[in-house]
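make a model of this:
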Amino acid sequence: MKRLLIMISLSFIFLLCNSWGFFAHKKINEYAVYTLPSTLASFYKKNIILITEKAVDADKRCYIDSLESPRHYIDIDDYEEPTIDSIPIHWSKAKEKYQEKQLLLNGIVPWQISFSYNKLVEAFKNKNVTQIIRFSADLGHYIGDAHVPLHTTKNYNGQLSNQIGIHAFWESRLPEMFASQYSFIKGRAHFIKDPLNTAWDIVKQSNLLVDSVLIIEKKLDQSFSKYQKYGFIERNNILIRTYSDEYAKAYHLALNGMVEKRMTSAIQQVGSFWYSAWVEAGQPNLKNVEKVKSKESPIDTKDKKNMGREDWQL
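Sure, this is the predicted structure:
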């Protein structure tokens, strides 16, 4: 079959709900399995392929569920509070202060992590293996998103600083290029005493990195011509205009390990949230549970419009 080679401008390639990218999300869920203690790891290892594949289901749901997109981010600067600590961390208190409509407009990722965690606890209690897989995969996805600095700001794609395209550059292009150099497992899963507080801590850590993500790229831009900065890569038999390899290497070096650190932190945290949900559920014995066969039909995104932020671009 003749290959289709179409040059498509940077501004017309969209990500699914615009998170880490399929590659990184799958890596995070996959490697999180290896952080688990043996008593729980055996179940997850049996189902590692399914958990890895379903790592991107939350993104795909942006095509069929208009309420999905806000679960992936939180625009801290849209709250116009003196500090991030002025935002109530508990959902009920936040609704009292801002109203639910405003919360959904600004994004709810730390609360969604808590919601998904609670669903996973119930799934463990009921030994509902299908739901354990589903909520483990979703929880891993939202925790991964919370580790991305640009998921915590209204300037999520550099559209307010003349840096459009930086979102996918940081969270998709760089991991795809440099993941082979990363050491993904830096710690074992541990019990989390307060999952909601931990979710907010992750968001706070990511938000502290927003300025660095933007400023470093802005400075780097000054040392590259337009022709040096951009190049083409082939994806799904389509030639896409994107950041050049040389520019990506320079940006990755200037970030001084930031992408790797956020990915490895996400991996450990995902494993820790899974482990904590299992412990909170009473440590049900899953050793003799058979490998799960997914009975759910794959989420069909063909010919459907992304209901998320369409201006999160490659």
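
beyond the helix or strand where residue 202 lies, next helix or strand please.
Using DSSP states H and E, residue 202 sits in helix 195-207. The helix or strand immediately downstream of helix 195-207 is helix 210-221, counting by DSSP H and E.

so what does the next helix or strand after that next one touch, helix or strand wise?
Remark: after helix 210-221, the chain's next helix or strand is helix 226-229, criterion DSSP H and E. Contact analysis of helix 226-229 by 3 or more C-beta pairs under 8 Å, 6 or more residues apart in numbering; DSSP states H and E lists helix 245-254 as its packing neighbours. Any C-beta I mention is one placed from the backbone N, CA and C, and that applies to glycine too.

my guess is residue 107 meets residue 67, correct?
No - contact criterion C-beta atoms under 8 Å: residue 107 and residue 67 do not qualify, at 11.9 Å.

between those two, point out the one with more neighbours.
The residue with more neighbours, out of residue 107 and residue 67, is residue 107; 25 against 11, by other C-beta atoms under 10 Å.

quick one, what contacts the more buried one?
Neighbour list for residue 107: 70-75, 151 [criterion: C-beta atoms under 8 Å, 6 or more residues apart in numbering].

tally up the residues packed near the closest residue in space to residue 182 that isn't next to it in sequence, please.
Excluding its sequence neighbours, the residue lying closest to residue 182 (C-beta to C-beta, 6 or more residues apart in numbering) is residue 260, at 4.6 Å. Neighbours of residue 260 under the rule other C-beta under 10 Å: 20.

ok, residue 260 to residue 71 distance?
In this structure, residue 260 and residue 71 are 25 Å apart, going by C-beta to C-beta, to the nearest Å.

and the pLDDT for residue 226?
pLDDT recorded at residue 226 is 91.

report how many residues lie close to it.
As a burial measure, residue 226 scores 7 neighbours (other C-beta under 10 Å).

distance of it relative to residue 244?
10 Å.

one more: residue 69?
Residue 69 sits 30 Å away from residue 244, going by C-beta to C-beta.

what of residue 172?
Distance, residue 172 to residue 244, by C-beta to C-beta: 15 Å.

these two: who's more crowded?
Legend: neighbour count by other C-beta under 10 Å for residue 172 and residue 244, higher for residue 172 (21 against 17).

sorry, back to before: counting contacts, what elements does the helix holding residue 202 pack onto?
When contacts are defined as 3+ C-beta pairs under 8 Å, 6+ apart, helix 195-207 packs onto helix 109-125, helix 129-146, helix 258-280.

what about that helix, distance to the chain center?
14 Å (C-alpha atoms, centre = their mean, to the nearest Å).

stretch 286-293 now?
On the basis of C-alpha atoms, centre = their mean, stretch 286-293 sits 27 Å off its chain's mean C-alpha point.

contacting residues for the residue nearest to residue 197 when sequence neighbours are not counted?
Leaving aside its chain neighbours, residue 197 sits nearest to residue 89 (6.7 Å; criterion: C-beta to C-beta, 6+ apart). With contact set as C-beta under 8 Å, 6+ apart, residue 89 has these partners: 110, 196-197, 200.

on that earlier part again, what's the closest of the contacts of residue 107 to residue 100?
Nearest to residue 100 among the contacts of residue 107: residue 70, at 10.5 Å, using C-beta to C-beta.

residue 123 is in contact with residue 278, correct?
No - applying C-beta under 8 Å, one finds residue 278 not in contact with residue 123, separated by 9.9 Å.

pLDDT weak spots in the protein?
Across the chain, the ranges flagged by pLDDT under 70 are 1-21, 294-314.

go ahead and flag the most central residue of it.
By C-alpha atoms, centre = their mean, the chain has its centre lying nearest to residue 145, at 2.6 Å.

what about that one, distance to residue 109?
6 Å.

so what sits against both of those two?
Common neighbours of residue 145 and residue 109 (criterion: C-beta under 8 Å, 6+ apart): 72-73, 151.
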